[in-house]
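Colleague: Sequence first, then the predicted structure, then my questions.
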Amino acid sequence: MIRHRQRIWLLAAVLMLLCAALLLLGVGIGSTGFESVLAARHDPIALQIVQEIRLPRTLGAWLAGALLGLAGAVAQGLFRNPLADPYLLGSASGASLGVALALALFGASPSTTQWLVRLGLTGAAFVGAVLAVLLTLMLARGVQQTLRLLLAGVIVGVVLGAAKDLVTIGSADILQALQGFMLGGTGLVGWSACAVMAGLGAICLLAGWALAPVLDGLALGEATAASLGLPLGAMRAALVAVLALATGTAVAQTGLIAFVGLAAPHLVRSIVKTTHAWLIVLSAVMGGLLLMAADLLARWLIAPQELPVGVLTAVLGGSYLLWLMHRRGRGGIR
């Protein structure tokens, strides 16, 4: 037992050290390279590049990844499915529809789009994600039946995705602006976005830690969880709220980032077996590490141009899951 706990703490320490190293590395990656860091002491422009662009962007990538990793661990425990991801309740489609409607209503000229990105798109994406989850809950008639909730989420995702496509067809000029959101990116993350993600992320983490015993009980089966005296209905609703809040916050700030929420809990479980309380915390740190590493690669691979970080996470995350399925063969993903 002591050795197992030491392994958990060791993993947490290694992940945090890697995150700190990537944070320092992220400060030096950009069109002007590490020269900006060296010149920041005596050059106000270089100092502004480091403090107002690179540092909040790198930290914001970690925070968004942490929110997605946390949401992924909650989703997989709630649905008792290792392939569940944070977008399972329709939040991704709702956020996309919200952004499409905002662009269609306010226009997609370069000046308008810049204003919307800073003031309106994040709010539209968050509201769309939350409303999609609420619609899923209405169709599922609450959270009592996990399978019904899962099917409702799939239906809502398909319908809202189709609605987004209809809005795009009706306003073709928004396609380029909407594509930037769909591909995901951290280029517009500033200190205000970091503050929002940090505050809401702390709330989600504390709530997830407190509700972790429910996920442990559900892992043994609903009948066993009920026999333990757990108020499954209320606690399921609270877990769905945590899932929606964490996912909506991340999506609103960075767009759609694929596979981070799915891969982070898998990586943690492949290293250490633990309860859901520690799984949620470690998945959050792992998710932050994954997205921060992907963001650095997106900025470095074809510098001075950038790759969409959502595309990079999809390629790397999909490759990892394919390798995992191939390694485990017919045994499946556990």
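Modeller: Nice, thanks for sending it over.
Colleague: In contact with the residue nearest to residue 178 when sequence neighbours are not counted: list those residues for me.
Modeller: Sequence neighbours aside, residue 100 is the residue nearest to residue 178 in space, at 5.6 Å (criterion: Cβ to Cβ, 6 or more residues apart in numbering). For glycine as for every other residue, the C-beta is placed from the backbone atoms N, C-alpha and C. Taking Cβ atoms under 8 Å, 6 or more residues apart in numbering, we find residue 100 in contact with 164, 167, 168, 171, 174, 178.
Colleague: Now do the contacts for the spatially most central residue of the chain.
Modeller: Against the mean C-alpha coordinate of the chain, by Cα atoms, centre = their mean, the closest residue is residue 68 at 2.6 Å. If a contact means Cβ under 8 Å, 6+ apart, then residue 68 has 86, 246, 247, 250, 257, 260, 261, 264, 287, 291 as its contacts.
Colleague: now with 6 Å?
Modeller: Shown in contact with residue 68 (Cβ atoms under 6 Å, 6 or more residues apart in numbering): 86, 250, 260, 261, 287.
Colleague: what about the third one, distance to residue 134?
Modeller: Going back to what we said before, that points to residue 260. 24 Å (Cβ to Cβ, to the nearest Å).
Colleague: Also residue 164?
Modeller: 17 Å.
Colleague: again with residue 191
Modeller: Here the criterion is Cβ to Cβ. By it, residue 191 lies 30 Å from residue 134.
Colleague: Neighbour count for those two, which is higher?
Modeller: Ranked by neighbour count (other Cβ atoms under 10 Å), residue 191 and residue 134 place residue 134 first, with 16 against 13.
Colleague: Any stretches of this structure with poor pLDDT?
Modeller: For the chain, the stretches with pLDDT under 70 are 1-2, 30-43, 46-47, 107-120, 143-144, 222-230, 328-334.
Colleague: Looking at the contacts of residue 100, which one is closest to residue 18?
Modeller: residue 178 (34.0 Å; Cβ to Cβ).
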